[in-house]
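*Asks:* Give me a model of this one.
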Amino acid sequence: MLKVIIGAIIVVIVGAGSYLYYKSSQEKLATPPKETAITTVTKKPTPSPTPNQVAVDEYSIEILNGSGIAGEAGRAQALLENSDYIIDSIGNAEKYDYGQTVIQAGADVPKSWIDALKSVLEEKYDVKARAEEIDDAEAVVVIIGSFDKNGDSMVVEEVVDKDASEVAVGDLTPTEEITPSPTP
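*Replies:* As a prediction, the model looks like this:
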């Protein structure tokens, strides 16, 4: 009989322990976890200069056509004036064999201003990576080359078919104009 009483006590103790364990685990699930404060430090970005932050009208530009394409300096002038650059003059370069567009600038012209000019020119032209320095401290010269922004030639060569042989238009000689004769 003693064994039965001891067995009953053990069953009661194990049952009570299981009940208490179950009850405490249910309370933990019902209680929301304590909130912990998380502090994040966000570094404020420093603005980097963009081409729009440059006073584009600070220097005037001379545009020279070095591409050999008729009217290309005028087209470059329109491109730059649409971005508020001041064009001092346009003309022809001493030679027409420029592939890339070249920027020449004096020592006093800031790199940021040259970079802004370059970014506008790159919308249409293949621009040489670095500007060439010239003697006039505040001068800016742009020599337009014959390569577009993709590095392809913008020169269009026309070909005329004459007796099944191809002849370049530049190789043809001009013909005389025919004057109509008066009718009686």
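*Asks:* Which parts of this protein are strands?
*Replies:* Along the chain, counting by DSSP state E, strands occupy 60-65, 86-92, 102-105, 132-133, 140-144, 159-162, 165-168.
*Asks:* Would you mind finding the most buried of those?
*Replies:* Of these, the one with the most neighbours on average (mean count of other CB atoms under 10 Å) is strand 140-144, at a mean of 25. Every C-beta, even on glycine, is put in place using the N, C-alpha and C of the backbone.
*Asks:* residues making contact with that strand?
*Replies:* 59-67, 72-73, 76, 80, 93, 98, 101-106, 109, 114, 117, 121, 125, 134 (CB atoms under 8 Å, 6 or more residues apart in numbering).
*Asks:* Equivalent analysis for stretch 110-128, please.
*Replies:* With CB under 8 Å, 6+ apart, stretch 110-128 has contacts from 49, 51-52, 54-56, 58-59, 61, 75-76, 79-80, 83, 85, 99-103, 105, 131, 140, 142, 144-145, 147-151.
*Asks:* what comes up buried for it?
*Replies:* 113, 114, 116, 117, 118, 120, 121, 124, 125, 126, 127, 128 (16 or more other CB atoms under 10 Å).
*Asks:* And the furthest pair within these?
*Replies:* Using CB to CB, those reach their maximum pairwise distance at 113 and 126, which is 20.5 Å.
*Asks:* tell me the mean pLDDT for stretch 132-152?
*Replies:* For stretch 132-152, the mean per-residue pLDDT is 93.
*Asks:* Can you tell me which of the buried residues of stretch 110-128 comes closest to residue 11?
*Replies:* residue 116 (88.5 Å).
*Asks:* longest helix of the protein?
*Replies:* helix 2-30 (DSSP state H).
*Asks:* Got the confidence number for the residue nearest to the spatial centre of the chain?
*Replies:* The centroid of the chain falls nearest to residue 119 when counting by CA atoms, centre = their mean (7.2 Å). pLDDT recorded at residue 119 is 94.
*Asks:* Same check on residue 8?
*Replies:* So residue 8 comes in at 84 (pLDDT).
*Asks:* again, but for residue 26
*Replies:* 73.
*Asks:* No further questions, thank you.
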